[in-house]
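K.L.:
Model the structure of this input:
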Amino acid sequence: MPGVVQLALFQARRDRVTLPVWILGIALLGFATSNAVVTQFGDEPSQAAILTLAASNPAFLFLRGLPDGTGVGAVVFFQGYAFTAVLAGLMSTFLVVRHTRTDEELGRAELLGSVPLPRAASLAATLLLGAAANLLLAVFVTAGYVAAGLPVPGAAGAGAAVGAVGVFFVGVAAVVAQVLPSGRSANGAAAGLVGAAYLIRGVGDALGTPAGDLLHVSSAWPSLLSPIGWGQRSRPFTSLDLLPVLALLAVALILGAAAVLIRQRRDVGASLLPQRDGRERAGVGGTSFVGLAWRLQRSTLAGWCVGAAALGAVAGALGPLVSETVSSVAPLKDLISRLVPGGQAGLIDVFITALLGVAGVFAAAAGIQAVLRMRAEEAEGRAELLLAAPVTRARWLGANVFIAAVSAVVVSGTAGTAAAIGLGLSGTANGPAGSVVPAALAHVPAALVFLAAASVVFAAAPRLSVPLGWGMLAAGLVLGEFGELFGLPVWLQDLSPFRHSSAMPVESFDQAGALGLAVVAAALAGLAAYCIQRRDLTA
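P.N.:
Here you go, the predicted structure:
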């Protein structure tokens, strides 16, 4: 046991910058959400208005969660819990994979295995660190809510719900790290499970049944399949119930024990799903930079496409069903006709628009991940061998940026195609289903800006490219989703490329906005090519 604690402290030292950024950032988001709600919805009529609007809009329920009555704390939990829970899950999965499968892949675990410690000691230390990190997260989230003036019992319950979701995904990631053979695949699968939890919770909430007062919504059964949905059921500011939190912790304990058991029975570097050997010689595509970039990115792109297809299918297939479910509630019929142009058909458009906006975030993330793959190639020494040939670094960068742009287009197109198929199968009369594909592709220009900005960071400051690349996406998402809630200046909100995407089919296509985003992306890509020619390779 002392050895496990020492290993956990060593891992914590390695994460002495990363973990505080995650924890303080999530807590700050909760504090800012609380302050914004107090400022904008401090009185009960304002709270009732926003909750009534949410109850009549399934897209709002999908993105944010379930209204649970008036009161500042209840509105704060409704507005911010789902996003903080997703961030807690991502923090936990990245932490676990970084100290388990990635360490094995890079040879660090073999060095630790040379000392007289149990085979699963490193994994046990990681589980201990993950639990401690989420405990700190729960404390800081609670402190943020209390600092914003929310009641202590409710704030503690909300912090416990967020921390419990994080601990749950510590166990999930530990099992995934035993199953998959590489750090990239384990990270992708674990993060995909976090996204699936958010998606399933969103489906259950969007299909929920509003109460007669339109201030409460009861979720449908799919939310029971999501750990984020379980945490939401704790209802910290209205009727605190810690049973869902305890259930999440119990499942996390079982998953962690299963991961330790598997680790004790396998060799370092092995996995339950073995890595497939490649061909002895490269094909035609492997003889060019573009072909190599495609080969390195294709499996990751496939994962993003699966997620985008699932999201698009939900948008197309459930849009009409959600609209019928909401419209069947008598108090909502007149409200929908007044708030949503086009009535039920317009409600379907709103729902599809919201989910295609999330698919646009997927497209940007896929493009950023393709660009940041170059950092792994450089840090692990493969880029140095590649660039020993008479080729330029700008050409290498250009090939990878091109594949990143293709990835963004493919992910958006996949979401739009799945949504169109879902609409067609549902038999909705809400306009031609084929118009959904252009609506999805309308988010590509914003995605191109993000991946081009990530390429600039990689070219100018390679060691900061990973945190800054993903940080820019997080900042853009927060500005786009929470800018108005936080009362931020319009010029600051407009710094997010997502603010300039056309929200089709609710809005018409903004040609000037799309062209402006494309010009910015091209300028950033050119700047990246200029910068990478003027720096050396770094470890």
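K.L.:
Please count neighbours and contacts with C-alpha atoms only from this point.
P.N.:
Will do.
K.L.:
Surely residue 486 touches residue 30?
P.N.:
No: between residue 486 and residue 30 there is no contact under Cα atoms under 8 Å: 11.2 Å.
K.L.:
and those two? which has more neighbours close in?
P.N.:
Each of residue 486 and residue 30 has its neighbours counted (other Cα atoms under 10 Å); residue 30 has more, 28 against 18.
K.L.:
Can I take it that that one is in a helix?
P.N.:
Yes: assignment of residue 30 by DSSP: H, G, I helix; E, B strand; the rest coil places it within a helix.
K.L.:
Any regions of the stretch 201-350 of the chain where pLDDT drops low?
P.N.:
Residue ranges of the stretch 201-350 of the chain with pLDDT under 70: 277-287, 319-347.
K.L.:
whoops, I mixed them up, the stretch 351-500 of the chain
P.N.:
Using pLDDT under 70, the flagged stretches of the stretch 351-500 of the chain are 427-434.
K.L.:
switch the cut-off to 50
P.N.:
The stretch 351-500 of the chain contains residues with pLDDT under 50 at 429-430, 432.
K.L.:
Helices of that one, start to end?
P.N.:
All helices of the stretch 351-500 of the chain, identified by DSSP state H, counting those that start in this stretch, fall at 382-386, 393-426, 436-441, 444-460, 465-486, 490-493.
K.L.:
following the helix or strand where residue 156 lies, which helix or strand comes up?
P.N.:
Using DSSP states H and E, the element containing residue 156 is helix 152-179. Sequence-wise, the next helix or strand downstream of helix 152-179 (DSSP H and E) is helix 183-206.
K.L.:
between that following helix and helix 152-179, how many degrees?
P.N.:
If you take axes from the mean of the first three to the mean of the last three Cα atoms, to 10 degrees, helix 183-206 sits at 140 degrees to helix 152-179.
K.L.:
Send over helix 183-206 as CSV, restricted to the C-alpha atoms.
P.N.:
Output of helix 183-206 as CSV, limited to C-alpha atoms (Å, rounded to 0.1, in the frame of the first residue of the first chain):
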residue,chain,number,x,y,z
GLY,A,183,-3.4,5.2,-25.8
ARG,A,184,-5.1,6.9,-28.8
SER,A,185,-7.7,4.2,-29.2
ALA,A,186,-8.3,4.0,-25.4
ASN,A,187,-8.7,7.8,-25.2
GLY,A,188,-11.1,7.9,-28.1
ALA,A,189,-13.2,5.0,-26.8
ALA,A,190,-13.4,6.4,-23.3
ALA,A,191,-14.2,9.9,-24.5
GLY,A,192,-16.8,8.4,-26.8
LEU,A,193,-18.5,6.7,-23.9
VAL,A,194,-18.7,10.1,-22.1
GLY,A,195,-20.3,11.6,-25.3
ALA,A,196,-22.7,8.6,-25.4
ALA,A,197,-23.7,9.2,-21.8
TYR,A,198,-24.5,12.8,-22.7
LEU,A,199,-26.3,11.8,-25.8
ILE,A,200,-28.4,9.1,-24.0
ARG,A,201,-29.2,11.5,-21.2
GLY,A,202,-30.3,14.1,-23.8
VAL,A,203,-32.6,11.7,-25.6
GLY,A,204,-34.3,10.8,-22.3
ASP,A,205,-34.7,14.4,-21.3
ALA,A,206,-36.0,15.5,-24.7
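K.L.:
And that helix, how far out from the chain middle?
P.N.:
On the basis of Cα atoms, centre = their mean, to the nearest Å, helix 183-206 sits 8 Å off its chain's mean C-alpha point.
K.L.:
Need the winner for burial among the helices of the stretch 351-500 of the chain.
P.N.:
Of those, the one with the most neighbours on average (mean count of other Cα atoms under 10 Å) is helix 444-460, at a mean of 28.
K.L.:
Now do that one: which elements does it pack against?
P.N.:
Secondary-structure packing of helix 444-460 (3 or more Cα pairs under 8 Å, 6 or more residues apart in numbering; DSSP states H and E): helix 343-379, helix 393-426, helix 465-486, helix 511-532.
K.L.:
Nearest residue to residue 398 in space, ignoring adjacent ones along the chain?
P.N.:
residue 529 (7.3 Å; Cα to Cα, 6 or more residues apart in numbering).
K.L.:
Just list the residues touching that neighbour, thanks.
P.N.:
Residues in contact with residue 529, defined by Cα atoms under 8 Å, 6 or more residues apart in numbering, are 393, 394, 397, 398, 456, 459.
K.L.:
Export those residues as JSON lines, with columns for distance to residue 97.
P.N.:
Below are those laid out as JSON lines (distance: Cα to Cα, whole Å):
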{"residue": "393", "distance to residue 97": "31"}
{"residue": "394", "distance to residue 97": "32"}
{"residue": "397", "distance to residue 97": "27"}
{"residue": "398", "distance to residue 97": "30"}
{"residue": "456", "distance to residue 97": "27"}
{"residue": "459", "distance to residue 97": "26"}
